[in-house]
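**Q** give me the fold of what follows.
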Amino acid sequence: MRTSHFGLRVADLERSLAFYTAVGYEVVGSVPETEIGHLTMLGLPGDDVVSIELVHDPARGEIGSGTRLSHIVVSVESLDATIAELAARGVDAEPPGSPDGSGELRTTWLTDPDGNRMELVQWPPGHPQGLTAADWPDR
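**A** Just a heads-up that it's a prediction; the model follows:
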């Protein structure tokens, strides 16, 4: 088994599409008028699969705090270059930090127009592009 994608409720589809395409996602396809709303599928360039599904249903009204995800994590090759590219596209990132204090593992956070959080991660050299069991050696 593996995670396929995340579904995010969004209040304004055009505003959310502007944010996610500025981050680098591409629209893969859409499914209008489903029972949960209009679905827009997004993926990152080079990925074979959809990673985010934007769910837009204006009839549902405001998006409450209990209906969103905690966050989405995206691996990047160079955090500094990515932050600069995002700034040029009008997307603000929080100041980067190193959660483990090593200076090699670096992260920053973005927030989309609906308050959904995205963590950008630059893994240390030689580390897989995601968390693995090796990250918990005491387990």
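**Q** beta-bridge partners for T40, please?
**A** Here T40 sits in beta bridges with S30, L54, as judged by DSSP bridges.
**Q** run a quick check on it versus H56, I expect a contact.
**A** Yes - counting by C-beta atoms under 8 Å, T40 does reach H56; the two are 7.2 Å apart. Where you see a C-beta, it was placed from the backbone N, CA and C, and this is true even at glycine.
**Q** what's the overlap in contacts for these two?
**A** L13 (C-beta atoms under 8 Å, 6 or more residues apart in numbering).
**Q** L17 and E85, how far apart?
**A** 18 Å (C-beta to C-beta, to the nearest Å).
**Q** could you do E33 as well?
**A** Counting by C-beta to C-beta, the gap from E33 to E85 is 35 Å.
**Q** could you dump the helix or strand hosting E85 to CSV, C-alpha only?
**A** Element membership for E85, per DSSP states H and E: helix 79-88. C-alpha atoms of helix 79-88 as CSV (Å, rounded to 0.1, in the frame of the first residue of the first chain):
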residue,chain,number,x,y,z
LEU,A,79,15.3,25.0,-0.5
ASP,A,80,17.0,28.4,-1.2
ALA,A,81,16.4,28.2,-5.0
THR,A,82,12.8,27.1,-4.4
ILE,A,83,12.1,29.9,-2.0
ALA,A,84,13.5,32.4,-4.5
GLU,A,85,11.4,30.9,-7.3
LEU,A,86,8.3,31.1,-5.2
ALA,A,87,8.9,34.7,-4.2
ALA,A,88,9.3,35.6,-7.8
